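Engineer: sequence and predicted structure, then a few things I'm wondering about:
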Amino acid sequence: MLSGESLFMLDLVATFAPYMIITLSLNLEYGFGGVPNFGKTLAVAGGAFMVGYLPGRILAGIMGVGQGMDYVAQNAQIITEINNRLVFNVPLSLGILLITLVAVILFGAFLGLLVTVPVVRLRADYLAMTFLAAGEVILVIGNNYPPLVGGTLGIGVPDPFGWASTFSVLGLSPGEMRNVTVTLFMAITAIIIFLYAQKLTHSPLGRVLRAIRDDENSALALGKDVTSNRLKVIIFASAIAAIGGALYAFYTANVISTAYSRVSWTFWPWVMVMLGGAANNLGVVCGTFIFVAVRKLIIFYKDIFGPFIPFDVVWLDMLLLGAALVFILLYKPEGLLPEKPIKTIKIEGPPPPKREAPEETSSSQAPSKKKVGLKLPFKFKVRKK
Amino acid sequence: MSQPVLNTVNIRKTFGGVVALDSVDINVDKGSMTMLIGPNGSGKTTLINVISGFYKPDRGQVTFEGRDITGQPPNKVSAYGLVRTFQIPSPFVKLSVLENLLIASKGNPGESFLKAPLKMTWHKKESEIYDRAFRVLDLLNLKLWDQPAGVLSGGQLKLLEIGRALMTGAKMIMMDEPAAGLNPVLAHKVFAHICDIKQRLGITFLIIEHRLDIALQYVDYVYAMALGTVISHGTGEEVMNDPKVIEGYLGGTCA
């Protein structure tokens, strides 16, 4: 059995990992590409809805479960039956996990494309508005079209990690085994995505994206295809964000469309990115961790705060986070770890590399630097004269 | 003389009721330095915007190296080797000076989304580009290569603009007031650099400039514009002595 602290840590990592994936994708779009995506919910919910829609129906078909039953109305019954069989079938579990994730990636990319294509040629402001609207549209559909993910009642998701509960290591209970396994899987996925994001951005491509962000017309004049790069960065980021939503849905083992609100999955990721530092992947990961940890700590220790504040503790984290955002924007708008001036794309050139030819200039440079150091007192003296 | 590398035929561009360009025909010879002069609002920048693809002309044709580039998007025009700079220097402020140059190079495989994470696919090309960028920095005498471009002075930004254009491997560079806002010494330096580059690399230049005292000695051919049309063209001396130019631009000196 896990202690309270261990459970807290497990819960922290399980929340942190999907958020880290989502904020990294937002950083790719906003920090590097300069696309103000105010509809992060779209891709996140898209990924989660795919998890609610696809694997259960596939498995029900394969196993012949729930024939003649309504998949949504009698969902609890069908999912229980599927899970009972899935526990003993590790290859099928992993197979369905993999297939679902591939579908999620494709669906996320498709959603990004769908929303962006009509407005990609317009200024970034219009993209922001379109994303904001699109994020709402998918929630309206999720809430009001039960065949998708059961509307406001939600829908169960088959558990591709059920098999973990049949093992027992370190004296963990079956339920804990399952949770530890899912959390580990999410953490590893998040780390892989972090490494991918680092590779993707510490490259000539990262440079092009930052350039387009800084000055669109200059980038055009230098032959960079602004439209196509912007479209692609949104597609990639949406695909990544969808993975975050999907993992969260697998972890909670159900999908309720009301859980994918714009506050949780658009605004919070924005605060995390602002806090950590846009266009700095490591900073964004730090920002995400701090944000998630503070929220979890407030909830974990709410009994301690409770007597001292004149309102319900649930409002405390909202107040604190709102205040934190204001303070960041006022006093440290570039975030905790600001964008670095030079992303050492290649280790090729430490200071001036390969400057054999202009030897004289570099040698004349060195003394001139010394002169600058000596000049200051000199100049003052001259002025005194 | 040599064949024109760029020519425009009968270009017309209007903004609402304002006719910014009307039947503009210009020819720029290969390897020359051609200058566009004219009073404010005469359509010089508009013409560059039309040629570089930022504006689509209402009528007329732009040909670069025998290829019709009328109405092509700016990035395409740039890819053909016809690169422009801006009147107000527009560096990528958060990128370092070096990165500003690196980005201008063309055909870097690392700029593709699929290849970017795979360093071995672009490592070689990238190191070539680094070498070239350092050579350009030397050529322009820019020393602050690792600083964000935002910290450069006005003159250095002008040089950086030229450097970026050079890094694209351009065959022809169109510059909008390269010496605007510079003191005469620095302005001469910028023009000397441009001349030097023109002779060494055989690049054609089309330059807008108001400061005739500085620029005239460097240029081969001059087009004078007024109210959206070309009013005179020829060598510097010919244009300067054209009564229409004196009246329209230099101010009537003859009584």
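Structural biologist: All right, it came through fine.

Engineer: walk me through the domains of chain B.
Structural biologist: Residue ranges for the domains of chain B, per automatic domain parsing: B:4-88+B:169-250, B:92-151.

Engineer: quick one: the longest one near chain A?
Structural biologist: Yes - Domain B:4-88+B:169-250 reaches chain A (C-beta under 8 Å from any C-beta of the partner chain) through B:52, B:54, B:73, B:74, B:75, B:76, B:78, B:79, B:83, B:84, B:85, B:86. Where you see a C-beta, it was placed from the backbone N, CA and C, and this is true even at glycine.

Engineer: residue A:20: which of the domains of chain B is closest?
Structural biologist: Nearest of those to residue A:20, taken as C-beta to C-beta: domain B:92-151 at 18.2 Å.

Engineer: I'd like the average pLDDT over that closest one.
Structural biologist: Across domain B:92-151, pLDDT averages out at 84.

Engineer: mind checking how far it is from the chain centre?
Structural biologist: Relative to its chain's centre, domain B:92-151 lies at 21 Å (C-alpha atoms, centre = their mean, to the nearest Å).

Engineer: just stretch A:15-34 next, same as before
Structural biologist: Relative to its chain's centre, stretch A:15-34 lies at 4 Å (C-alpha atoms, centre = their mean).

Engineer: what pLDDT, on average, does stretch B:26-34 get?
Structural biologist: Averaging the model's pLDDT scores along stretch B:26-34 yields 91.

Engineer: quick one: contacts for residue A:133?
Structural biologist: Residue A:133 makes contact with residue A:39 under the criterion C-beta atoms under 8 Å, 6 or more residues apart in numbering or on different chains.

Engineer: can you say which helix or strand has it in it?
Structural biologist: In this structure, residue A:133 sits in helix A:124-144 according to DSSP states H and E.

Engineer: state the mean pLDDT of the following helix or strand past that helix.
Structural biologist: Later in the chain than helix A:124-144, the nearest helix or strand by DSSP H and E is helix A:146-149. Average pLDDT, helix A:146-149: 87.

Engineer: about what we covered before: from the residues of domain B:4-88+B:169-250 next to chain A, which land in helices?
Structural biologist: Where the residues of domain B:4-88+B:169-250 next to chain A overlap with helices, as defined by DSSP state H, the overlap consists of B:74, B:75, B:76, B:78, B:79.

Engineer: for residue B:14, grab phi and psi.
Structural biologist: Its backbone dihedrals place residue B:14 at phi -120, psi 150, with angles given as degrees, to the nearest 10.

Engineer: now for it: which residues touch it?
Structural biologist: Taking C-beta under 8 Å, 6+ apart as the test, what residue B:14 contacts is B:20, B:58.

Engineer: excluding its backbone neighbours, what's nearest residue A:262?
Structural biologist: Counting by C-beta to C-beta, 6 or more residues apart in numbering or on different chains, the nearest residue to residue A:262 once its immediate chain neighbours are dropped is residue A:41, at 5.1 Å.

Engineer: I meant residue A:316, not that one.
Structural biologist: With C-beta to C-beta, 6+ apart as the measure, residue A:298 is the residue that lies nearest to residue A:316, at 5.6 Å, once sequence neighbours are left out.

Engineer: in terms of secondary structure, what does the helix or strand harbouring that neighbour contact?
Structural biologist: Take DSSP H and E as the rule and residue A:298 turns out to sit in helix A:281-300. Other helices and strands packing on helix A:281-300, by 3 or more C-beta pairs under 8 Å, 6 or more residues apart in numbering or on different chains; DSSP states H and E, are helix A:4-26, helix A:174-201, helix A:268-276, helix A:314-331.

Engineer: need the next SSE after that helix, C-terminal direction.
Structural biologist: Toward the C-terminus, helix A:281-300 is succeeded by helix A:302-305 as the next helix or strand (DSSP H and E).

Engineer: next, count neighbours for residue A:142.
Structural biologist: Residue A:142 has 26 neighbours, counted by other C-beta atoms under 10 Å in any protein chain shown.

Engineer: need the contact list for it.
Structural biologist: A:45, A:49, A:148, A:149, A:151, A:257, A:260.

Engineer: quick one: pLDDT of it?
Structural biologist: pLDDT recorded at residue A:142 is 91.

Engineer: distance of it relative to chain B?
Structural biologist: With distances defined as C-beta to the nearest C-beta, to the nearest Å, the gap from residue A:142 to chain B amounts to 30 Å.

Engineer: could I get the buried residue list for stretch B:192-201?
Structural biologist: Of the residues in stretch B:192-201, those scored as buried under the neighbour-count criterion (16 or more other C-beta atoms under 10 Å in any protein chain shown) are B:193, B:194, B:197, B:198.

Engineer: which outside residues touch it?
Structural biologist: B:31, B:33, B:139-140, B:159, B:162, B:166, B:175, B:178, B:203-205, B:207, B:218.

Engineer: how about the residues of the stretch 201-350 of chain A near chain B?
Structural biologist: A:203-208, A:210-211, A:214-215, A:217-226, A:232-233, A:236, A:279, A:339, A:341-342, A:345-346, A:348-349.

Engineer: which among the residues you listed end up buried?
Structural biologist: Those of those that meet the buried threshold are A:203-208, A:210-211, A:214-215, A:218-226, A:232-233, A:236, A:279, A:339, A:341, A:345-346, A:349, by 16+ other C-beta under 10 Å.

Engineer: whatever residue of the stretch 51-200 of chain A ends up closest to chain B - how many residues pack around it?
Structural biologist: Closest approach between the stretch 51-200 of chain A and chain B, counting by C-beta to the nearest C-beta: residue A:199, at 3.7 Å. Here the count is done by other C-beta under 10 Å, and residue A:199 has 15 residues near it.

Engineer: OK, contacts around it?
Structural biologist: B:116, B:117, B:118, B:119.

Engineer: show the buried residues in those.
Structural biologist: With neighbours counted by 16+ other C-beta under 10 Å, the contacts of residue A:199 contain buried members at B:116, B:117.

Engineer: quick check: the farthest pair among the contacts of residue A:199?
Structural biologist: Greatest spacing in the contacts of residue A:199, by C-beta to C-beta: B:116 and B:119 (8.8 Å).
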